[in-house]
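Enquirer: using only what follows, build the 3D model:
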Amino acid sequence: MKTLYIVRHAKSSWKHPELGDDERPLLEKGKKRTRKIINYLLEKDTSVDLIISSYAVRALETARIIAHAIGYPEDEIRISQQLYHASSERIYDQFFDLSDEISSLMIVGHNPTFTNFANQFLDDKIDWLPTSGVVSITFDTNTWTDVPLAKYKTNFVIYPKAIV
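Expert: Reported below is the predicted structural model:
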C-alpha cells in the first residue's frame, strides 16, 4: 500500500508586487489556517516517509510548517523545481524514482495542477483545492511506478473552512 497526501500551499501574500510569483511568502492567516489542518492530520495519526515540495517560497514554508508539526525532519524535505507550474505527468514523474520502501508521500504545491491531479482519484470532484487543503489517497500497490494504474481509495479531502 502507498499513501499520498496532496497539499496545496497556505494562503500567500500579494503585498509585495516587486517579488516574483515564486518568492511570495505566506500570510499569517495562511499559517493559522494550516495549523487547523495540522490538528486534523495529527488526529489522523499522519506520518510520512518523504515530503516533496515545490521550490516556491509559499509551498516550501507550508511544507516546513507541516513537517515540523508531524515530526518529519525539515532538512529532509526534497525540493522540486518540477512541482511549480507542473502538469499531472510531471507530478507522476516525482514518484518514479522513489524507493518502494517509502510507503507514504506528501507533495506540496500549487493549483490548478493539484486540483486536476487530485480529481483523477476523487469520485466527488472538487472545483478548486483551497489553500492549505489536503487530499489523502491510498493506492493498492507496493510500487510507486504502479500508482497511475493501481486501485485506490480516498481517505479524506480536508481544508480549513471544513474544520469547525
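Enquirer: what's the longest helix in this protein?
Expert: helix 28-43 (DSSP state H).
Enquirer: so which elements touch that helix?
Expert: When contacts are defined as 3 or more CB pairs under 8 Å, 6 or more residues apart in numbering; DSSP states H and E, helix 28-43 packs onto helix 57-70, strand 134-139. C-beta here means a position set from N, CA and C on the backbone, and glycine is covered the same way.
Enquirer: so K44 versus G133, what's the distance?
Expert: 15 Å (CB to CB, to the nearest Å).
Enquirer: what's the answer for A118, then?
Expert: Taken as CB to CB, the span from A118 to G133 is 9 Å.
Enquirer: quick one: the strands in the chain, in order.
Expert: Using DSSP state E, the strands of the chain run over 2-8, 50-54, 78-80, 104-109, 134-139, 152-158.
Enquirer: nearest to T145, of these?
Expert: When the strands of the chain are compared by CB to CB, strand 2-8 sits nearest T145, at 10.3 Å.
Enquirer: let me know the distance separating the closest residue to I79 other than its chain neighbours from Y92.
Expert: What sits nearest to I79 in space, not counting adjacent residues and going by CB to CB, 6 or more residues apart in numbering, is Y55, at 5.0 Å. Between Y55 and Y92 the computed distance is 19 Å (CB to CB).
Enquirer: now do R33
Expert: 28 Å.
Enquirer: which of these two has more neighbours?
Expert: R33 (22 against 16; other CB atoms under 10 Å).
Enquirer: my read is that the more buried one contacts G133, right?
Expert: No. The pair R33 / G133 is not scored as a contact, 9.6 Å apart, by CB atoms under 8 Å.
Enquirer: lovely, talk soon.
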